[in-house]
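**Q** mind looking at a prediction? Sequence and model below.
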Amino acid sequence: QVQLVESGGGLVQAGASLTLSCTASGRTFSNYAMGWFRQAPGKEREFVAAISRINWSGARTNYADSVKGRFTISRDNAKNTVLLQMNKLKPEDTAVYYCASGTAMSVATTGYDYWGQGTQVTVSS
């Protein structure tokens, strides 16, 4: 049974930093791409960042325009963990953040077959 467990959310002020962590179990972590999505109240779940499997040239990453330059996604295959380092947080970053696992990087929710339960990030102004 595949499980994804997020942690690291919280309440911070605008301009602060947070690092979200997602630990996976149940299948070979290194074989799968990982993604982060978020969902604010009353809005659809949206893509934040994704990272591919690691190959001979390293791992590819992709970011939503709204977080590019502020957020960094990384993975540690030895720890079955994907991180989302979030800097210069803004009130509009407030949402529940979800990690997801899939066979390839995708900006669509349909590109992932397993999801975590989410962790709340609240940024006050």
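**A** Yes, it's here.

**Q** the nearest residue to Q1 once chain neighbours are set aside - how many residues pack around it?
**A** By the measure of CB to CB, 6 or more residues apart in numbering, the closest residue to Q1 outside its immediate chain neighbours is G26, 5.1 Å from it. C-beta coordinates here come from the backbone N, C-alpha and C atoms, glycine included. For G26, the neighbour count with other CB atoms under 10 Å is 12.

**Q** can you pull the contacts of G26?
**A** Under the criterion of CB atoms under 8 Å, 6 or more residues apart in numbering, the contact list for G26 reads 1-3.

**Q** I'd like those residues written out as JSON lines, with pLDDT, neighbour count and secondary structure added.
**A** Shown next, in JSON lines, are these (pLDDT from 0 to 100; neighbours: other CB atoms under 10 Å; DSSP: H, G, I helix; E, B strand; the rest coil):
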{"residue": "Q1", "pLDDT": "92", "neighbour count": "6", "secondary structure": "coil"}
{"residue": "V2", "pLDDT": "95", "neighbour count": "13", "secondary structure": "coil"}
{"residue": "Q3", "pLDDT": "97", "neighbour count": "13", "secondary structure": "strand"}
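
**Q** out of these, who's nearest L83?
**A** Q3 (17.4 Å; CB to CB).
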